[in-house]
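Peer 1: need coordinates for the below:
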Amino acid sequence: DVQLQASGGGLVQAGGSLRLSCAASGFTSDDYTIGWFRQAPGKEREGVSCISTSDDATYYVDSVKDRFTISRDNVKRTVFLQMNSLKPEDTAVYYCNVPNWRSRDYWGRGTLVTVSS
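Peer 2: Now for the predicted structure:
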């Protein structure tokens with residue numbers, strides 16, 4: 001079974017840092033994109049960042065550029081989102097996602113990030 005297990009959320013003060021992890025299992029090839037979405041209260045879910053397992057190409061939404069860094073450990077099949085200089089507007093539930101692998105989207109359980117001002 002394909003599974004995505006996210007961890008690393010928590011409460012942090014503005015300006016602080018957190019690192020999210022997403023452990024992927026069940027993928028039989030390295031030809032997918034994996035990344036993070038987030039959903040703040042009362043807002044739509046938005047894509048935050050993603051990385052390709054085939055060429056390590058990355059994407060960041062403008063609001064997190066220069067603050068967040070996505071990386072992966074290919075051996076452990078784990079993706080990390082290092083979040084620095086956190087702002088209250090980063091508060092959201094963060095979801096690990098693999099879109100359109102073998103015609104299916106995969107989601108992990110959300111992990112809550114709360115940034116206090």
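Peer 1: who's in contact with the residue most central in space within the chain?
Peer 2: Nearest to the mean C-alpha position of the chain, counting by Cα atoms, centre = their mean, stands Trp36 at 2.8 Å. Counting by Cβ atoms under 8 Å, 6 or more residues apart in numbering, Trp36 touches 20, 22, 47-50, 70, 81, 94-97. In short, each C-beta sits where N, CA and C put it, glycine included.
Peer 1: confirm that it sits in a helix.
Peer 2: No: per DSSP: H, G, I helix; E, B strand; the rest coil, Trp36 lies outside any helix segment and is strand.
Peer 1: got a pLDDT number for it?
Peer 2: Per-residue pLDDT puts Trp36 at 97.
Peer 1: same check on Arg102?
Peer 2: Arg102 is assigned a predicted lDDT (pLDDT) of 87.
Peer 1: how close does Gly42 sit to Thr91?
Peer 2: Note on Gly42: its distance to Thr91, by Cβ to Cβ, to the nearest Å, is 12 Å.
Peer 1: more neighbours: which of these two?
Peer 2: Counted by other Cβ atoms under 10 Å, Gly42 and Thr91 do not tie: Thr91 has more neighbours, with 19 against 5.
Peer 1: now do the contacts for Ser85.
Peer 2: By Cβ under 8 Å, 6+ apart, the contact set of Ser85 is 15, 17, 67.
Peer 1: excluding its backbone neighbours, what's nearest the second one?
Peer 2: Of all residues beyond its chain neighbours, the one nearest Ser17 is Asn84 (4.7 Å), with distances taken as Cβ to Cβ, 6 or more residues apart in numbering.
Peer 1: residues in contact with that neighbour?
Peer 2: Listed by Cβ under 8 Å, 6+ apart, the contact partners of Asn84 are 17, 67-69.
Peer 1: from Asn74, how far out is it?
Peer 2: Distance from Asn84 to Asn74, by Cβ to Cβ: 23 Å.
Peer 1: over to Val115?
Peer 2: Taking Cβ to Cβ, one finds Val115 at 30 Å from Asn74.
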